[in-house]
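Visitor: Please find the sequence and the predicted model below.
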Amino acid sequence: MRRAGVKKRFLTINKNDDDEDERITFCYCERGSKDSHKPTLVFIHGFSSDKHTWLTVIKNIPHSFHCIAVDMPGHGETTGFSEEQVTADNLVDNLKLFLDELNLNESICLVGTSMGGSVVAMFAAKYPSYVKMICVLAPVPPGEEYETEMIQQIRSGTYNVLLPETHEQFYATADAMTTKKLYLRRLLANGYFKTRLPTLDHHKKILQLAFENDYPNLEQSYSQLKDFTCPSLIIWGRKDQLCAVEGAYYFSNLIPKSEVILFDDCGHLITNDKPKETAKSIVQFLKENHSSEEDSKTDTNS
Ligand SMILES: CCCCCCCCCCCCCCCC(=O)OC(CO)CO
């Protein structure tokens, strides 16, 4: 792998022994191993992105933390899904399968960005016992109240800032999504047009279906978070043009034990614009919330 200590792994799951079509292979990056004293950090990327988006953050997290960044169905090197299967419900349930297979079913901190943040929020609403804490970075807020011009343009088919097709559009996307030039350089270096253009139609289809089927139900899908009692960290960039920063307060009003951090000079791609600050915020949040619980355990034992 590109960074020291981070290994790339594959995990195949047979959902149905009699049917090869129901075999899925997750690809993920892992650093360290499970530690009974600390929650494992599991990272979920956004739409048309992949596990590598987290490397900038993970490299700023102390090595004592077990970290996993997984490619979600329909993305990266995870295989075995058709576009129609990449729905919010499926992403949530397949994430559960993945975690079950790795025995990570009670003490994780689930971290997600953008569409991945939405998946994390829905996962916590549906399977609260799996998580100790969640951290969402600019998840998609529900409804027209929070709808930005960019979301409107994507939804109406006028212009899709998330899937640039020409160099000109690519620069416009970089300008709109990030305050740092790094994003641009990294993607160009990786050959954006070589790696992304072949998947363009595939991602167009996934996004179109998400807007048709999942977007109208977001409020409903998030609603159970009102009973979610685990500590939740909400991170947003003040210069986010895609998911309105006011969404941070939608989530903090919904989730009982939540905390908001807003970054100045930060666009929608938080892992690109504020990798160090994001890592620092997550680690501090983990320490504050996890150690207090350990302390109280020690107190009752003594
Ligand atoms: C298929 C599951 C549906 C889940 C629920 C979400 C439903 C609404 C999706 C539409 C809104 C899409 C905006 C996402 C932006 C994003 O993810 O940005 C990436 C860069 O492209 C950041 O890394």
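Guide: Arrived safely.

Visitor: For the closest residue to the ligand within the stretch 51-200 of the chain, list the residues it contacts.
Guide: Here the stretch 51-200 of the chain gets closest to the ligand at one residue, S114, 3.1 Å apart by C-beta to the nearest ligand atom. For every residue, glycine as well, the C-beta is placed using N, CA and C. Applying C-beta atoms under 8 Å, 6 or more residues apart in numbering, we find S114 in contact with 46-47, 49, 137-140, 242-243, 268.

Visitor: Of these, which one scores lowest on pLDDT?
Guide: Lowest pLDDT within the contacts of S114 is found at S49 (93).

Visitor: Burial check on that residue, number of neighbours?
Guide: Neighbour count of S49, defined by other C-beta atoms under 10 Å: 22.

Visitor: which residue packs closest to it, ignoring adjacent ones?
Guide: Spatial nearest neighbour of S49, chain neighbours left out: H75 (6.8 Å); criterion: C-beta to C-beta, 6 or more residues apart in numbering.

Visitor: Just say helix, strand or coil for the one you found.
Guide: coil (DSSP: H, G, I helix; E, B strand; the rest coil).

Visitor: from memory it sits against I44, does it?
Guide: No - the pair H75 / I44 is not scored as a contact, 10.1 Å apart, by C-beta atoms under 8 Å.

Visitor: more crowded one of those two?
Guide: I44 (29 against 25).

Visitor: Which residues are in contact with the more buried one?
Guide: 70, 72, 95, 110-113, 116-117, 119-120.

Visitor: can you count the residues close to the residue of the stretch 1-150 of the chain at minimum distance from the ligand?
Guide: Residue of the stretch 1-150 of the chain nearest the ligand, by C-beta to the nearest ligand atom: G46 (2.6 Å). G46: 28 surrounding residues under other C-beta under 10 Å.

Visitor: do the same with N60
Guide: The burial count for N60: 15, using other C-beta under 10 Å.

Visitor: quick one: it is in a strand?
Guide: No - under three-state DSSP, N60 sits outside any strand and is assigned coil.

Visitor: What sits closest to it if chain neighbours are left out?
Guide: A279 (3.4 Å).
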